[in-house]
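**Student:** whatever this is, show me its structure:
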Amino acid sequence: MRQLLCLLGLSLILLCGHATADERKLVVELAGERMLLERVADPESRRQGLMGRAKLADDEGMLFDFPPGTRPAIWMRNMVIALDLVYLDGQARITHIFSNVPPCETMPCQVYQADRSLRFVLELAAGSVQRLNLEVGQQLDLGAAMDFPQPRL
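**Tutor:** Coordinates of the predicted model:
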C-alpha cells in the first residue's frame, strides 16, 4: 500500500512538472498565420531567451512576459541568428518594432530598449514583421498569453 501511495505521489509530481512545461508553449494566430510561441516569464528564462539557438522557424517565436513597470531592454549577445523584436503593451498593442536585428559580434552590444513600460516583447525570425505586415499601433491577439497573471517583480 505504501509503495502504491509513493508511486501515485511521484506520478502527480511528474504530471505537475509536465503541465508547467506545456504552459510555456502557446499557439496563437498572428496576421492570419499560426505561430508557436514559447512564453518566458521568470527572470532566468528571460535572461537566457534565444541565446545559442542556431535557428528559429518562420512559425515560431519567443514571447517575453515582464512584470509591471518594466522597460524591456534586449541585446543580441551570444545570438547566432538575426531577429525581429516586437514590443507590446499590456493589451498586446504594438508600440515599437526593431526589424532584422543582427547578432552582436563585438562588445559593447547595442541595447534595444523600450521608451516606456511594457508587458511583452515578441522575438520572431528576421523578416517576420515584413512577412506578417505587422505595424506599430496594431492590436495582436495573444490568446492564452493574456490569461496568465503578469509576472511579479
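**Student:** ok, now how distant is the closest residue to Val121 other than its chain neighbours from Gly32?
**Tutor:** Excluding the flanking residues, the one nearest Val121 by C-beta to C-beta, 6 or more residues apart in numbering is Phe64, at 4.3 Å. (Each C-beta comes from the backbone N, C-alpha and C, glycine too.) Computed as C-beta to C-beta, to the nearest Å, the Phe64 to Gly32 distance reads 23 Å.
**Student:** report the separation between the spatially most central residue of the chain and Thr106.
**Tutor:** With distances taken as C-alpha atoms, centre = their mean, Leu63 lies nearest the centre of the chain, 1.6 Å away. Per C-beta to C-beta, Leu63 is found 29 Å from Thr106.
**Student:** cool, Leu56 as well?
**Tutor:** Distance of Leu56 to Thr106, computed by C-beta to C-beta: 23 Å.
**Student:** neighbour count: the two, which is higher?
**Tutor:** A direct count of neighbours by other C-beta atoms under 10 Å for Leu56 and Thr106 places Leu56 higher, at 19 against 5.
**Student:** for that one, which non-adjacent residue is spatially closest?
**Tutor:** Ala125 (4.5 Å).
**Student:** who's in contact with Pro67?
**Tutor:** By C-beta atoms under 8 Å, 6 or more residues apart in numbering, the contact set of Pro67 is 150-153.
**Student:** can you do 6 Å?
**Tutor:** 151-153 (C-beta atoms under 6 Å, 6 or more residues apart in numbering).
**Student:** quick one: it from Gln110, how far?
**Tutor:** Per C-beta to C-beta, Pro67 is found 24 Å from Gln110.
**Student:** kindly report the same for Asn100.
**Tutor:** Using C-beta to C-beta, Asn100 is found at 13 Å from Gln110.
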